[in-house]
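In: sequence and predicted structure, then a few things I'm wondering about:
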Amino acid sequence: MSGDELLQALAALGNPHRMRIIAALTERRNYVSRLAREIGMSRPLLHMHLQRLEAAGLVVGSLELSEDGKAMKFFEVAPFMYELTPRTIADAARTLTATTDRQRQKEEAQ
């Protein structure tokens with residue numbers, strides 16, 4: 001795993017809402033509206049968190065049609081496992097790019 005990928009995954013998991021989303025999706029895959037109701041979050045806010053989790057490769061979304069023809073986006077947890085040791089962090093740090101530094105600075109400013 002590259003340093004950029006590791007930082008993206010850790011940043012995605014470094015939010016309590018996103019940790020709750022992962023926990024809920026561990027139970028079963030779910031679509032946005034139902035998941036928002038179950039965890040007590042607005043759909044726009046949930047969608048933003050799901051985008052971060054999906055970009056980090058922690059969840060996978062798929063668009064499906066319901067019986068009445070309505071498009072529904074389902075999400076499920078992607079299989080992942082991270083081993084954080086001083087060695088894996090040192091190896092990942094050697095692959096960091098300048099883009100990651102700029103992105104991190106932008107996120108910290110928000």
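Out: Now that the structure is in, tell me what you want to look at.
In: which residues does Leu46 contact?
Out: 21, 32, 35-36, 39 (CB atoms under 8 Å, 6 or more residues apart in numbering). For every residue, glycine as well, the C-beta is placed using N, CA and C.
In: what mean pLDDT does the helix or strand encompassing it get?
Out: Following DSSP states H and E, one finds Leu46 within helix 43-55. On average, the pLDDT along helix 43-55 is 96.
In: which element follows that helix toward the C-terminus?
Out: strand 59-65.
In: may I see the buried residues of that following strand?
Out: The neighbour-count check on strand 59-65 (16 or more other CB atoms under 10 Å) flags 59, 61 as buried.
In: tell me which strands that strand pairs with, and in which orientation.
Out: The pairing partners recorded for strand 59-65 under DSSP bridges are strand 71-77 (antiparallel).
In: tell me the buried residues in the strand it pairs with?
Out: Buried-residue list, strand 71-77, by 16+ other CB under 10 Å: 74-75, 77.
In: which one among those residues gets closest to Glu5?
Out: Among these, Val77 lies closest to Glu5 (CB to CB), at 17.1 Å.
In: for the closest one, which residues are in contact?
Out: 22, 25-26, 58-60.
In: which two among the residues you listed are spaced furthest apart?
Out: The span of those, defined through CB to CB, is set by Thr26 and Val60 at 13.2 Å.
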